[in-house]
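**Q** generate a structure from the sequence data that follows.
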Amino acid sequence: MSAINDTKFKFKVFLLTGIPGQEHIHNLWISLPFCLMYVISILGNSVILFIIKTDPNPSLHEPMYIFLSMLAVTDLGLLIATIPTILGIFLFNSRKISFDACFAQLFFIQSLQCIESSVLLLMALDRFIAIRDPLRYVSILTLPRIGKMGLVCVLRGAVVILPFPLLLKRYQYCRANVLSHAYCLQQEVMTTACADITVNNIYGLFTTVLTVGLDWLLIFLSYVMILKTVLSIASYKEFLRALNTCVAHLCAVLLFYTPEFSLTLIHRFGKGSSPLLQIVLGYVYLLVPPLINPIVYSVKSKHLRSRIIRVLVK
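**A** Numbering: from 1, shown residues only. Predicted coordinates:
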């Protein structure tokens, strides 16, 4: 009995992993692209926030750009919560992470992902109102109303995800403490617990359906309504113009939900899937949306693009 208890308390830290089998090229060939992605993502989202905040042009203070600011803040939070840990592994082979730090990291990752899903839903609502009722667009999406919606997104993300680290903290860990990712992923951490994790699995499935699944369904329905409205437009030019305003948001939705759903399905049902595929999807899930979102919105938004060009020229 004492041997079992010793085993249960053997591990005090988790060991993170970069890319298994590629440790010999971590320092240069892998760490360099990650550093570049980190810097470009931080700069891109920071520039978006700076331009929207400081620009005197009223067009950059419309609801669409306020929601874009929320998206940029969420992406910056995800980068700050994950990339330092990832770069610590690739650059300095700093693989150890304490239980509390690991639980805190997975809480921030999942809560920020939940908030980003909510923001994408609000952006879909923004596009629906702008196309369906353009004359009342500004009067419907007022600043106080947007602020309340943003607060609800944050509270939902925090309240729904908080039980995960609290449940994990109650467990003792006696299985292999080596995690296959370079950051703490809740689905993987709970498999190392020497206890029945049925409650975690059920609650995890429940929260996925309640947050990401519900948001995706509502976004899909909003685009059905948008398409229905757009098809009723007589002018072909106005038809294309209305659709063009949705392109950037559609790209953001695909970038976010595709790896999110893929990773969730693989962890829950793909027991025989390639470990390398899980690891690559894990990096795409965290790093690609914050990198691509500022680029897509800068390219598709005429006002934002021209303002960024003016600032860079100066």
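**Q** quick check: buried residues in the biggest helix by length in the chain?
**A** The longest helix of the chain (DSSP state H) is helix 99-132. Neighbour-count burial for helix 99-132, counted by 16 or more other C-beta atoms under 10 Å, picks out 99, 102-103, 105-132. The C-beta positions use only the backbone N, C-alpha and C, and glycine is treated the same way.
**Q** can you give me the mean pLDDT across that helix?
**A** Average pLDDT, helix 99-132: 93.
**Q** mind giving me the packing neighbours of it?
**A** If you count contacts as 3 or more C-beta pairs under 8 Å, 6 or more residues apart in numbering; DSSP states H and E, helix 99-132 packs onto strand 13-15, helix 63-92, helix 137-140, helix 143-161, helix 163-170, helix 186-189, helix 214-231, helix 247-269.
**Q** format the ones you listed as CSV; extra columns: mean neighbour count, distance to L49 and mean pLDDT.
**A** Formatted as CSV, those follow (neighbours: other C-beta atoms under 10 Å; distance: least, C-beta to C-beta, whole Å; pLDDT from 0 to 100):
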stretch, mean neighbour count, distance to L49, mean pLDDT
strand 13-15, 17, 33, 87
helix 63-92, 21, 5, 91
helix 137-140, 13, 21, 89
helix 143-161, 15, 14, 94
helix 163-170, 16, 29, 88
helix 186-189, 20, 29, 83
helix 214-231, 15, 23, 92
helix 247-269, 18, 16, 84
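**Q** columns distance to V311 on top of those, output as JSON lines?
**A** As requested, the helices and strands packed on helix 99-132 are exported to JSON lines (distance: least, C-beta to C-beta, whole Å):
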{"stretch": "strand 13-15", "distance to V311": "43"}
{"stretch": "helix 63-92", "distance to V311": "15"}
{"stretch": "helix 137-140", "distance to V311": "26"}
{"stretch": "helix 143-161", "distance to V311": "24"}
{"stretch": "helix 163-170", "distance to V311": "40"}
{"stretch": "helix 186-189", "distance to V311": "40"}
{"stretch": "helix 214-231", "distance to V311": "32"}
{"stretch": "helix 247-269", "distance to V311": "20"}
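**Q** P294 is nearest to which of those?
**A** helix 63-92 (6.9 Å; C-beta to C-beta).
**Q** what packs against that closest one?
**A** Using 3+ C-beta pairs under 8 Å, 6+ apart: helix 63-92 touches helix 31-54, helix 99-132, helix 143-161, helix 275-300.
**Q** count the neighbours of P33 for me.
**A** 12 (other C-beta atoms under 10 Å).
**Q** separation between it and L287?
**A** Distance, P33 to L287, using C-beta to C-beta, to the nearest Å: 10 Å.
**Q** centroid residue for this structure?
**A** Q113 (3.9 Å; C-alpha atoms, centre = their mean).
**Q** that residue contacts Y257, correct?
**A** No. The pair Q113 / Y257 is not scored as a contact, 10.6 Å apart, by C-beta atoms under 8 Å.
**Q** overlap in contacts of the two?
**A** Shared contacts of Q113 and Y257, defined by C-beta atoms under 8 Å, 6 or more residues apart in numbering, are found at V212.
**Q** give me the residues contacting stretch 55-69.
**A** 48-49, 51-53, 119, 122-123, 126-127, 130, 137-138, 141, 143, 146, 297, 303-304, 307.
**Q** go again with 7 Å.
**A** With C-beta atoms under 7 Å, 6 or more residues apart in numbering as the test, stretch 55-69 has contacts from 48-49, 51-52, 119, 122-123, 126, 141, 146, 297, 303-304, 307.
**Q** most widely separated two among those?
**A** Farthest pair in the contacts of stretch 55-69, by C-beta to C-beta: L122 and R307, 22.8 Å.
**Q** what are the phi and psi values at E62?
**A** Note on E62: its backbone torsions stand at phi -70, psi 160 [degrees, to the nearest 10].
**Q** how many residues are close by it?
**A** 18.
**Q** let me see the confidence value for it.
**A** At E62, pLDDT is 86.
**Q** for M70, see how far away it is.
**A** In terms of C-beta to C-beta, E62 sits 14 Å off from M70.
**Q** equivalent analysis for I292, please.
**A** Counting by C-beta to C-beta - I292 and M70 are separated by 17 Å.
**Q** first vs last residue of stretch 179-194, how far apart are they?
**A** One end of stretch 179-194 sits 15 Å from the other (C-alpha to C-alpha, to the nearest Å).
**Q** which positions in that stretch come out as buried?
**A** Buried positions in stretch 179-194, judged by neighbour count with 16+ other C-beta under 10 Å: 179, 181-190, 192-193.
**Q** which one of those sits closest to P163?
**A** Of all the buried residues of stretch 179-194, Q186 has the smallest distance to P163: 10.8 Å, by C-beta to C-beta.
**Q** residue contacts, the nearest residue to the closest one once chain neighbours are set aside?
**A** Nearest residue to Q186 in three dimensions, chain neighbours excluded: L106, at 4.6 Å (C-beta to C-beta, 6 or more residues apart in numbering). Going by C-beta under 7 Å, 6+ apart, L106 touches F164, P165, C184, L185, Q186, V189.
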